[in-house]
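> just to be clear, the model below is a prediction. Sequence and coordinates:
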Amino acid sequence: MADLPDVIGYLYQHYPHKSELSKARLTKMVYLADWKSVLERNSQLTDIEWFFNNYGPYVDDVWQIAFQANKFNLEHGQNMFGGVKETMSIKKPFSPALSAEDRWILDHVIKQTKRLYWDDFIKLVYSTYPVLTGVRGENLDLVGAANRYRSEGANRLTTAQMQP
């Protein structure tokens with residue numbers, strides 16, 4: 001598994017719209033990376049235990065661990081609704097220690113999300129299988145969800161093959 005500060009650093013360094021990397025967006029991008037990793041290699045990229053709260057998959061770990069690593073600065077600004085928006089910047093450049101496969105997963109998440117405004121970004125997150133089938137107020141088992149997702153897909157394919 002990749003260290004969370006390395007994942008955050010990589011996303012920050014490679015995401016083209018750094019001002020959009022709010023606490024919520026960054027957290028959900030890490031979630032998308034974990035989900036993509038489970039789909040590709042049956043294990044999460046990070047060791048986060050994802051929780052399904054009122055705002056989808058969320059944990060405070062992403063933000064807390066980022067600042068505990070002492071590699072990031074906290075920035076305060078305003079969101080488009082006039083509310084407080086927290087973003088981060090890197091204190092000093094560093095090279096995240098990630099495998100080529102880890103970087104490929106993160107690049108995939110960046111590519112799929114960089115053109116999405118907030119509403120479309122959230123629709124993407126909420127359309128993932130763990131969220132669609134999860135229970136609010138409980139942890140999300142991404143590996144278990146991926147196994148059910150694959151099984152349901154195989155069942156649909158088998159049923160479709162049996163149709164005349």
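Nice, I can see it. Numbers count the residues shown, from 1 in each chain.
> what segments of this protein are strands?
51-53, 56-58, 72-78, 84-90 (DSSP state E).
> which of the ones you listed is buried the deepest?
Mean neighbour count, computed with mean count of other Cβ atoms under 10 Å, is highest for strand 56-58 among the strands of the chain, reaching a mean of 22. C-betas here are computed from N, CA, C, even on glycine.
> coming back round to it: right, so of the strands of the chain, which gets closest to Q44?
The closest of the strands of the chain to Q44 is strand 56-58. By Cβ to Cβ, the value is 11.8 Å.
> what about the nearest residue to H17 once chain neighbours are set aside, how many neighbours?
Using Cβ to Cβ, 6 or more residues apart in numbering and skipping the chain neighbours, the partner closest in space to H17 is K114 (6.5 Å). K114 is flanked by 13 other residues according to other Cβ atoms under 10 Å.
> the one 10 residues further on now?
By other Cβ under 10 Å, the residues close to L124 number 14.
> contacting residues for it?
L32, Q112, T113, L116 (Cβ atoms under 8 Å, 6 or more residues apart in numbering).
> distance to L11 added to these, as JSON lines?
Formatted as JSON lines, these follow (distance: Cβ to Cβ, whole Å):
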{"residue": "L32", "distance to L11": "10"}
{"residue": "Q112", "distance to L11": "13"}
{"residue": "T113", "distance to L11": "10"}
{"residue": "L116", "distance to L11": "15"}
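> redo the strands of the chain as CSV? Include distance to L140 and mean pLDDT.
Output for those, formatted as CSV (distance: least, Cβ to Cβ, whole Å; pLDDT from 0 to 100):
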stretch, distance to L140, mean pLDDT
strand 51-53, 5, 92
strand 56-58, 6, 88
strand 72-78, 25, 83
strand 84-90, 23, 83
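> residue contacts, L39?
A146, Y149.
> and the pLDDT for G153?
You'll see G153 listed with a pLDDT of 71.
> now for it, how many residues are close by?
Considering only other Cβ under 10 Å, G153 is surrounded by 11 other residues.
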